[in-house]
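Visitor: Mind looking at a prediction? Sequence and model below.
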Amino acid sequence: MDLFLHLCVMIIIYIIFAMSLNLEVGYTGLFNFGHVAFFGISAYTSALLSLQQVPFELSLLIALAMAGLWGFLLSIPSLRLRGDYFGIVTLGFGEIIRMVFQNEVWFTKGPMGLPGIPKPILFSYRFATLSQYLLLTLGFAALTFLILRIILRSPFGRVLRAIREDEVAAEALGKNVFFFRIKSFVIGSLFAGLAGTLWGHYTTFISPGDFTLLETILVLLIVVLGGKGTEWGPVLGAFVLIFFQESLRFLRLPAEWTRYLAPLQQMIFGGLLIVLMIFRPEGLLKEKGRGSNAGN
Amino acid sequence: MLEIKGLSKSFGGIHAVSNCSFGLKDYVITGLIGPNGSGKTTLFNLITGSIPPDKGEIYFKGNRIDGLLPYKVAQHGIIRTFQLTRIFPKMTVLENMLLAPLHQTGEILWSLWVKRRRIRDEEKAYREKALGLIETVGLSHLKDQFAENLSYGQQKLLELGRAFMADPKMILLDEPTAGINPSLIRKIMELILKMKESGKVFFIIEHNMGVIIELCDWVFVLDNGEKIAEGKPKEIQNDPRVIEAYWGV
């Protein structure tokens, strides 16, 4: 039972993480390869504050603000770049942030990591057990889903998709492409931060090794597999991939096999991506043609 | 309406547009002709801000617009179409149209939470207008299709309809009849004339002389980046400099 609940919590945290990336990759066409940085920034911010006995409500808000702020600061120079170049800059940023976690030992305890992150207390209710935590993440995931849905079904979301499709045409229709992209990137960073905060308080121990490029690739895979640019794609993708990833850990394998497990998992992910690109490039769920729903 | 003074633009050693001065007065439909490579599209790109000029000034209704970014020029009321159509492929025909109106309340993030009613009303009005225009350009049966599924001619119609939807003061059309069949050319000409009735002003790049003669009130001729002639279409047609530039005789 505990295993099942653990799986659910992980899946839901990754749903939030993937939805935030879907806003950038799926709707705005921003290929962000450093998304884990914002996940990490918030996880560290909230962990450090909570370890100083700052109440969870406050540390969550500050953690989100930090993710949003860094998203904003990174977006100003990087969003002037196009396509691949933007991807390279975000990739670099992700690595830089991880290096900061690793090397600024006075601040982050470096590779030792931060143990003993307290379980969150929200409005004097303590989310300590697995099922309580599941409820908390579920609540935040629903909130994220609704907020993103309102944003993406609005004329604002329509402009984001237009930018993804053809930025020159969007600009020629009077849309300030640069500003819309910054807004999309900051919102994406904020919700990645929410996922990071929830994750840190769940595992109660974070270290720089948790925020590698592989993590970004995993969410990217969730978004692409599920169907980028769809509302339910990240949800479905997270179910499939996190279920697969987490259940591998609990396989009873002979001891000499376990060292092959991690590389095998990477190979399967890679293979899966290739198969997907060949047979269903749009992902499991497909973007449908539909009018704006703002009027309904 | 549109004043261009001493406009120049070079790419490397090529003078794409050199020292051009135009005055689009209150002609309703103005044509811009010239051989390939004469700088017509460059001139459009300069007007709409896609590329900054090296020298010269552009005024629209008395406001200086040279050096502005394309979205700012569009917000001044100048909307263009492209030589190779630029529609939004993975958006429906209706969504393509709904994007066009400028300054939509629902495009501002905070108003999504505090002005919901106003956004809903605005959206409803735009929707009706868009459906009307889609019918005018004859794409009603395709309104919920992704734009990428449209034929080239239909995409041209969509792009034209989208330009009308933006309710601009001036529409720049870059070869609206290139690469489409005669009956569709007819249709596009009729649309332009219809919009002319509703008070829109056009500036059109076109190679099809028949279209120019039938539509335009005034024509400018470019060759090697310089304006070589201007006048009424009938006069231009017989101008020896124009004939030389076009036919090389």
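Guide: Okay, I see it.

Visitor: With adjacent residues omitted, what lies nearest to residue A:217?
Guide: Leaving out its chain neighbours, the residue that sits closest to residue A:217 by CB to CB, 6 or more residues apart in numbering or on different chains is residue A:269, at 7.5 Å. The C-beta positions use only the backbone N, C-alpha and C, and glycine is treated the same way.

Visitor: Let me know the helix or strand that the one you found is in.
Guide: helix A:255-279 (DSSP states H and E).

Visitor: Mind listing what's buried along that helix?
Guide: Across helix A:255-279, burial judged by 16 or more other CB atoms under 10 Å in any protein chain shown covers A:265, A:269, A:272, A:276.

Visitor: And for stretch A:112-120?
Guide: A:113, A:114, A:117, A:119, A:120.

Visitor: Could you single out the nearest of those residues to residue A:214?
Guide: residue A:113 (17.1 Å; CB to CB).

Visitor: check contacts around the closest one.
Guide: Contacts of residue A:113 were listed using CB atoms under 8 Å, 6 or more residues apart in numbering or on different chains, and they are A:205, A:206, A:207, A:208, A:209.

Visitor: Now with 7 Å, please.
Guide: The contact partners of residue A:113, by CB atoms under 7 Å, 6 or more residues apart in numbering or on different chains, come to A:205, A:206, A:207.

Visitor: Any chance of the residues you listed in JSON lines with neighbour count as columns?
Guide: JSON lines is the format used below for those (neighbours: other CB atoms under 10 Å in any protein chain shown):
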{"residue": "A:205", "neighbour count": "12"}
{"residue": "A:206", "neighbour count": "25"}
{"residue": "A:207", "neighbour count": "17"}
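
Visitor: so can I have a markdown table of those showing secondary structure, distance to residue B:12 and pLDDT?
Guide: Converted to a markdown table, those look like this (DSSP: H, G, I helix; E, B strand; the rest coil; distance: CB to CB, whole Å; pLDDT from 0 to 100):
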| residue | secondary structure | distance to residue B:12 | pLDDT |
| --- | --- | --- | --- |
| A:205 | coil | 59 | 92 |
| A:206 | strand | 54 | 92 |
| A:207 | coil | 54 | 91 |
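
Visitor: so when I look at residue A:175, I'm seeing a helix, right?
Guide: No: counting by DSSP: H, G, I helix; E, B strand; the rest coil, residue A:175 is located in no helix; its state is coil.

Visitor: name the element the closest residue in space to it that isn't next to it in sequence belongs to?
Guide: Leaving aside its sequence neighbours, residue A:175 sits nearest to residue A:159 (CB to CB, 6+ apart; 5.3 Å). Element membership of residue A:159, judged by DSSP H and E, is helix A:155-165.

Visitor: and the residue most central in space within chain B, what element?
Guide: Centroid-nearest residue in chain B: residue B:172, 2.1 Å away (criterion: CA atoms, centre = their mean). Per DSSP H and E: residue B:172 is located in strand B:170-174.

Visitor: Which residue ranges of the stretch 51-200 of chain A form strands?
Guide: Counting by DSSP state E, counting those that start in this stretch, the stretch 51-200 of chain A has these strands, from start to end: A:121-122, A:125-126.

Visitor: deepest of those, which one?
Guide: Most buried of these by mean neighbour count (mean count of other CB atoms under 10 Å in any protein chain shown) is strand A:121-122; its value is a mean of 14.

Visitor: Parallel or antiparallel, which strands does that one pair with?
Guide: With DSSP bridges as the test, strand A:121-122 is paired with strand A:125-126 (antiparallel).

Visitor: next one: the strand it pairs with to chain centre, how far?
Guide: 25 Å (CA atoms, centre = their mean, to the nearest Å).
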